[in-house]
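>>> Build me a model:
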Amino acid sequence: MFKRLANEKASFEGRRVLLIIAIVLIATMVLSSFMPAETEDFGAFALIPAAFLIIYIFATKRIIEALVLASLIGYIMVSKPSTMGGGNWFLNIFTNFSEGILGVMMDEDIAWLIIVCGLMGSIIALIEKSGGAFAFGEWVATKAKSRNSALIWTWILGIVIFIDDYLNSLTVGSCMTNLTDKHKVPREFLAYIVDSTAAPLCVIIPISTWAVFCSRILETSGWATEGDGLLYFIKTIPFNFYGWIAAIIVPLVIMGVIPVFGPMKEAFHRVAQGGPLAPPGSEKIDIKSGKTNIVPTNPKMYNLFVPILVLVGSTVFFDLEMSMGVLFTLAFMFVFYLAQGVVTAEEFTDICLEGFKNMIMPLLLMVLAFLFAAVNDQIHFTYFVITSATKVLTPEFVPLVVFIALSITEFITGTNWGMYIIALPIVIPLAQQTGCDVTLAVSAVLSAGVFGSHICFYSDATVITSAATGCNNFDHAVTQAPFGILGAVLSALCFVVAGFLIN
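Numbering: from 1, shown residues only. The predicted structure follows:
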């Protein structure tokens, strides 16, 4: 079966795929008959959708299809008559699947993603039309005479734009692509640099959307008192080891201190042999796909930096609410660009729609990831992983086990913030009961969220970075994984040392 699945990477043959899907779904229904009546008692059965998802993705590289099928398997498990209290199994499946999609689409987080990511696509498209990104690229080109200097500039720009990982990835990726293309840098490597200076930095900087979100969860989880969540988040910053290490590894790889290895080395070899800069299939997710590189007339850098500064400033003004910042920035850009004569009112609207449309593929991937995460919540996947991994623990090893267990969980579910909502209320009492330092345990959760999403094929971090840099998200995740795993291994060692020194 795996051999047949692998063949689907090259060509889609409907009947063969239909047969494989039918076998998988029927097998799930048969297996579900032997599962406990209550989803809370599923135990190891909760791993079935996740196991299928990983196998199918590696076998076919078709992530959208994998997410849909894995979600459907989960809904088959929760829809059997004994679990639902009776009814027709097939009707239960499609009713729950439909309600699951509707629930995800009505979720506040998804609405936020659609507003922020969609309109960020509009902002990026407008900046490109104004010539701001082109002017910045030309200016950086005068400073970055070599490939390494261009990459270091990319890393520095990623550090500067720290307020939000989406803003970071979309801005840095879209601005630096042309410059790194001139130096024959594989898109996979550019994506790695951009991704490694987005979420990893946001989780160690207290003035970021991540800090605000995590602070609220720390308050609702009962660890931080009302209004003091940010102070408790600041306590975790020194121990968010993966965030620090992932960001530091980047310049070491650029300068050759850490050699390029694994699939990333193959990407460099492809480009060196005259192959394309982007891996196959990248045009599907690239927000610049199909656009010709037209040199703008009279490009000005302030058409890039003024909107970005307004976006950062307005986001801070609105209590780090990114959606408010994006809306305010678009309103500002309308006045700013029309006053210069850069675009007409009609062109402004058309460009906004085009930019939003460019984000449809990334948004679809994230919606399906949320759907998969939602059904995993119903079968208590995360709870099973945490409780199984922490049954017999000493305080010294709680941070290490939490980091490893939740890294795996996040790699599978792909929703870092969603994982925080589920995991922190479990891990905080666990740390208190075992006598583990709570700050260290919370830091392990935060680090796991960043690492897991860093190497996940369909996480928001991977998808947004892939869209901005024009790199297939499967290849981006695969080539980035060895460096992420290196950072995770070093982080795990740090959690072991900290566990013995602090507890």
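>>> ok, and what's touching stretch 281-291?
61, 121, 124-125, 128, 174, 177, 187, 278, 355, 358-359, 361-362, 463, 466-468, 470-475 (Cβ atoms under 8 Å, 6 or more residues apart in numbering). No exception for glycine: its C-beta is placed from N, CA and C like everyone else's.
>>> Over to stretch 383-403?
42-44, 46-47, 242, 404-406, 408-409, 422-423, 426-427, 430-431, 434-437, 440-441, 443-445, 447-448, 451, 488, 491-492, 495-496, 498-500, 503.
>>> Around L490, how many other residues sit close by?
17 (other Cβ atoms under 10 Å).
>>> Check the gap between it and H183 for me.
Distance, L490 to H183, using Cβ to Cβ, to the nearest Å: 29 Å.
>>> confidence score at M29?
pLDDT, M29: 84.
>>> Do I have it right that it meets P81?
No - judged on Cβ atoms under 8 Å, M29 makes no contact with P81 at a distance of 11.3 Å.
>>> Give me the common contacts of those two.
W89.
>>> So for these two, which sits in the more crowded spot?
Shown here are M29 and P81; by other Cβ under 10 Å, M29 has more neighbours (16 against 13).
>>> Around K391, how many other residues sit close by?
By other Cβ under 10 Å, neighbour count at K391 equals 8.
>>> Three-state assignment for it, please.
At K391 the chain is in coil, as set by DSSP: H, G, I helix; E, B strand; the rest coil.
>>> what helices or strands is the helix or strand that contains K265 leaning on?
Element membership of K265, judged by DSSP states H and E, is helix 263-272. In this structure, helix 263-272 packs against helix 187-196, helix 473-502, with contacts taken as 3 or more Cβ pairs under 8 Å, 6 or more residues apart in numbering; DSSP states H and E.
>>> Quick check: which of those is nearest to F457?
helix 473-502 (4.5 Å; Cβ to Cβ).
>>> Counting neighbours, which bits of the closest one end up buried?
For helix 473-502, a neighbour-count test (16 or more other Cβ atoms under 10 Å) marks 473-484, 486-488, 490-492, 494-495, 498-499 as buried.
>>> Okay, domains of the chain per the record?
For the chain, automatic domain parsing gives the domain ranges 2-106, 108-216+242-361, 377-502.
>>> Quickly, which of these bottoms out on average pLDDT?
Looking at those, the bottom one is domain 2-106 with a mean of 79.
>>> How about residues contacting the helix holding K265?
Under Cβ under 8 Å, 6+ apart, the answer for helix 263-272 is 184-186, 188-189, 192, 260, 276-277, 279, 475, 478-483.
>>> Compute the inter-axis angle for that helix and helix 187-196.
Interaxial angle of helix 263-272 relative to helix 187-196 (axes from the mean of the first three to the mean of the last three Cα atoms, to 10 degrees): 140 degrees.
>>> Helix 263-272: what's the following helix or strand?
Following helix 263-272 toward the C-terminus (DSSP H and E): helix 302-317.
>>> So what touches that next one?
123, 126-127, 130-133, 135-136, 161, 163-164, 167, 171, 175, 207, 209, 321-322, 324-326, 328-329, 332-333, 336-337, 340, 342.
>>> of those, buried ones?
Neighbour counting over the contacts of helix 302-317 (16+ other Cβ under 10 Å) leaves 123, 126-127, 130-133, 135-136, 161, 163-164, 167, 171, 175, 209, 321-322, 324-326, 328-329, 332-333, 336-337, 342 as the buried ones.
>>> follow-up on the earlier one: just the buried residues from the contacts of stretch 383-403, in PyMOL please.
Remark: buried members of the contacts of stretch 383-403, expressed as a PyMOL selection using 16+ other Cβ under 10 Å:
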select buried, resi 42+46+47+242+404+405+406+408+409+422+423+426+427+430+431+434+436+437+440+441+443+444+445+447+448+451+488+491+492+495+498+499+503
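>>> Run the chain-centre distance for the helix or strand where M333 lies.
Assigned by DSSP H and E, M333 belongs to helix 322-340. Distance, stretch centre to chain centre, for helix 322-340: 26 Å (Cα atoms, centre = their mean, to the nearest Å).
>>> before we move on, what about stretch 140-152?
Taking mean C-alpha positions (Cα atoms, centre = their mean), stretch 140-152 and its chain are 27 Å apart.
>>> what comes into contact with it?
By Cβ under 8 Å, 6+ apart, the list of residues contacting stretch 140-152 from outside reads 153, 176, 179-180, 182-185, 189-190, 193, 251, 254-255.
>>> Now the buried members of those residues.
The neighbour-count test (16+ other Cβ under 10 Å) marks 153, 176, 179-180, 185, 189-190, 193, 251, 254 as buried among these.
>>> who's in contact with F318?
Applying Cβ under 8 Å, 6+ apart, the residues near F318 are 324-325, 328.
>>> Same question for T479.
Here T479 is in contact with 188-189, 191-192, 262-264, 267 (Cβ under 8 Å, 6+ apart).
>>> related to what we said a few turns ago, any chance of the helices and strands packed on helix 263-272 in CSV with distance to R147 as columns?
Shown next, in CSV, are the helices and strands packed on helix 263-272 (distance: least, Cβ to Cβ, whole Å):
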stretch, distance to R147
helix 187-196, 10
helix 473-502, 17
